[in-house]
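Q: Structure for the following, please:
(one chain, ligands or ions: 1)
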Amino acid sequence: MFITAAKIHDGHKWLPEGTVIELAGDGTIVAIHAEKTDEHPVHYDGVLAPGFVNVHCHLELSHMKGVIPEHTGLIPFLQNVMMHRNGFSDEQKSAARHDAFNAMLENGIVAVGDITNTTDTMDLRAEDKMHFHSFVETIGFNETPQKQFEYAVQVHDSFAQQTAEHRLWQSIVPHAPYSVSKALFEMIDRHRKDEPISIHNQEAKAEDEYYISKTGGVQTLLHSLGINDDFFKPSGKSSLQTYLEWMSPSHPFIFVHNTYTPRTDVAMAQETLPQVYWCLCPNANLYIENTLPDIEMLMEENGVICIGTDSLSSNHQLCILSEMASIHEHHPGIDWETLLAWGTYNGACALQMQGIVGSIEVGKNPGIVQLHGLYQHGTKPTVTRIV
Ligand SMILES: [Zn+2]
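A: Prediction:
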């Protein structure tokens, strides 16, 4: 099959006009022709790009769509999630997960970094329609988190037994700096020192306040949950600067949200860690805190930026194109060439899947999406999966 379009993005950049992509029947890229071939390619309108990579999602929370009010700030948001997450039947939850998964496929997403607290998503992984890295999330803010960790190992090992044509990977990760103690960080670190770590990072101002001086909204949250935090000694430094001392630098790190990450922390992480990815979830930030991270600063510090949707508890849809459109709306100076690289190749690198998806390169099978409306002001761009 031969295809072409007025504009083709290969996951890194725009390809020269007239480029023709040759694909095998299963979607594998066979060749990229710089000039017109003798074959008559199918010409698509709009833009063609590799399939999208959603670096941060929680399919497990799909039943909470529309349940949590917007713009409450993170602490009330988390209290709402905990209050409402179990008030649904297993059938309702399963139906919502399947609907959300199918919507992601329709939105051109080919690989996902999915946060999971249970084995509820095993059936979606088994459908063999998307590449998965399941991040098995641990929560435990106490000095003896053995039970929480052992449960995560069980979930991890159940996932590890699954096989499919698509990649099914998994690793054990911390939820957030305010919900994981030093003891639990160290257990996660020891599990496998080269496993990718994904962590909700500096999503609220209160997080650094707690690490620096042990005051503010995080302390209120912990106390409202009946958690005794007497063991916690403030470090006088930000959360990121503190917990990185508890983890080996050999992990690839995906820092998610970074809504309140200062430049000094970005520079420190970039300098001390061989593999760092900064995952933006702009629609969730706008939903919860009604603000965005300092994206220009991340770019100035040469951060590798990728994109996630977070869950339907804090988003109206699971669509990487909608996340890119929100960034573009708030930062018109960030062009589509850059945004498309964040949503494809950079995301694939963050999930260690750049060998199979994320870019239009010979031998890969990245899926191909057709995009409309990127350059029409005031319209919402649309995506169709064509391969
Ligand atoms: Zn999240």
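
Q: all strands of the stretch 1-150 of the chain, in order?
A: Along the stretch 1-150 of the chain, the stretches classed as strands by DSSP state E, counting those that start in this stretch are 2-8, 20-23, 29-33, 42-50, 52-57, 109-116, 131-138.

Q: Domain map for this protein?
A: 1-50+358-387, 52-356 (automatic domain parsing).

Q: hmm, back to that, ok, which of the strands of the stretch 1-150 of the chain comes nearest M324?
A: strand 52-57 (8.8 Å; Cβ to Cβ). Heads up, the C-betas are built off the backbone N, CA and C, glycines and all.

Q: The spatially closest residue to I320 that is not a sequence neighbour pairs with what?
A: Leaving aside its sequence neighbours, I320 sits nearest to F52 (Cβ to Cβ, 6 or more residues apart in numbering; 3.9 Å). Beta-bridge pairing for F52 (DSSP bridges): I109.

Q: Could you pull up the residues touching F52?
A: 107-110, 320-321, 343-344, 347, 369, 383 (Cβ atoms under 8 Å, 6 or more residues apart in numbering).

Q: Just those residues: which are in helices?
A: Under the assignment DSSP state H, these contribute 320-321, 347 to helices.

Q: Could you list the low-pLDDT ranges of the stretch 1-150 of the chain?
A: Within the stretch 1-150 of the chain, no range satisfies pLDDT under 70.

Q: mind redoing it with 80?
A: Residues of the stretch 1-150 of the chain meeting the criterion pLDDT under 80: 35-38.

Q: related to what we said a few turns ago, go through the domains of the chain and pick out the most buried.
A: Most buried of those, by mean neighbour count (mean count of other Cβ atoms under 10 Å): domain 52-356, with a mean of 19.

Q: Quick one: end-to-end distance for it.
A: 12 Å (Cα to Cα, to the nearest Å).

Q: how far out from the middle of the chain is it?
A: The chain centre lies 6 Å from the centre of domain 52-356; the measure is Cα atoms, centre = their mean, to the nearest Å.

Q: coming back round to it: which of the contacts of F52 sit farthest apart?
A: Farthest pair in the contacts of F52, by Cβ to Cβ: G347 and V383, 14.8 Å.

Q: follow-up on the earlier one: need the ones in helices among the contacts of F52 in CSV (columns: distance to K237).
A: Output for the ones in helices among the contacts of F52, formatted as CSV (distance: Cβ to Cβ, whole Å):
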residue, distance to K237
I320, 33
L321, 38
G347, 30
